[in-house]
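> Coordinates only, no sequence provided:
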Ligand SMILES: Nc1ncnc2c1ncn2[C@@H]1O[C@H](COP(=O)(O)OP(=O)(O)OP(=O)(O)O)[C@@H](O)[C@H]1O
């Protein structure tokens, strides 16, 4: 579905040149749920923004469903993004003066979807995230977890096959973070491919595949887990603690 080969991204400011990604290679298959971890500043958001075609890359090849993203015009890229990709951000990015219904509606209006179809999708998506009865509420009347669920409904309303989430639980307490993660897992079971950047090791462990970005490159390990959390192909040796006395 997504294939990046030798992707590099250089940010050039007046005085500083930053290699945010270098020779970054990744294949994402349809239906995967991938957690992306790595140190601060290692290039995770840059990768996600390039994957979502929000930012250009400096060199390399990025194919999305057999389309070479590098050959597209700005308008073609925007069309492809609208058709296939949904975004969820740490800060929810809801519009405070609009109620939940209107917030979910904004990108659908922008895409020229007709009123009746908009209504159907908005109601279905708010229902899906458990907020069907709150459509008239303003974002400030909701908890952080509920606001993130509205942001997820807004992303889902565009019917994306590919959902990119940048620290979607970063502003939430652990209970709300788990609820958002459960919702993402359900959306993945329904067929969407998900790539999620997270600093939360517990949430990363729940994802079937973990990748790590270090210094702008994919670190040399990928952990696949089954839905039952059993590690199928561990590439890091488990530490043998059997001889270690338990500390009092
Ligand atoms: N617009 C920009 N202009 C210049 N440098 C940038 C820009 N955006 C990111 N960078 C640099 O690129 C590198 C990678 O940044 P990025 O935001 O992708 O890291 P990250 O892994 O997402 O970090 P964090 O976990 O802290 O969010 C950093 O050194 C950062 O300073």
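Nice, thanks for sending it over. Keep in mind that this is a model prediction, so the values were computed, not measured.
> OK, contacts around residue 60?
4-8, 23-24 (Cβ atoms under 8 Å, 6 or more residues apart in numbering). No exception for glycine: its C-beta is placed from N, CA and C like everyone else's.
> swap the cut-off to 6 Å and go again
Residues in contact with residue 60, defined by Cβ atoms under 6 Å, 6 or more residues apart in numbering, are 5-8.
> Also residue 24?
4, 7.
> Any buried residues in the helix or strand containing it, and which?
Assigned by DSSP states H and E, residue 24 belongs to strand 17-28. Across strand 17-28, burial judged by 16 or more other Cβ atoms under 10 Å covers 20-22, 24, 26, 28.
> Of the residues you listed, which is the nearest to the ligand?
residue 20 (3.4 Å; Cβ to the nearest ligand atom).
> returning to that earlier point: the strand holding residue 24 and the ligand in contact?
Yes - interface with the ligand: strand 17-28 contributes 18, 20 (Cβ under 6 Å from any ligand atom).
> Can you tell me the strand partners of that strand and which way each runs?
strand 2-12 (antiparallel) (DSSP bridges).
> Quick one: mean pLDDT for the strand it pairs with?
For strand 2-12, mean pLDDT rounds to 96.
> Can you tell me what sits against it?
With Cβ under 6 Å, 6+ apart, strand 2-12 has contacts from 18-28, 46, 57-64.
> On the three-state scheme, residue 140 is what?
Classification of residue 140 using DSSP: H, G, I helix; E, B strand; the rest coil returns helix.
> what's the neighbour count on the residue lying closest to it once chain neighbours are set aside?
Using Cβ to Cβ, 6 or more residues apart in numbering and skipping residues adjacent in sequence, the residue nearest residue 140 is residue 96, 6.2 Å away. Close neighbours of residue 96, defined as other Cβ atoms under 10 Å, add up to 8.
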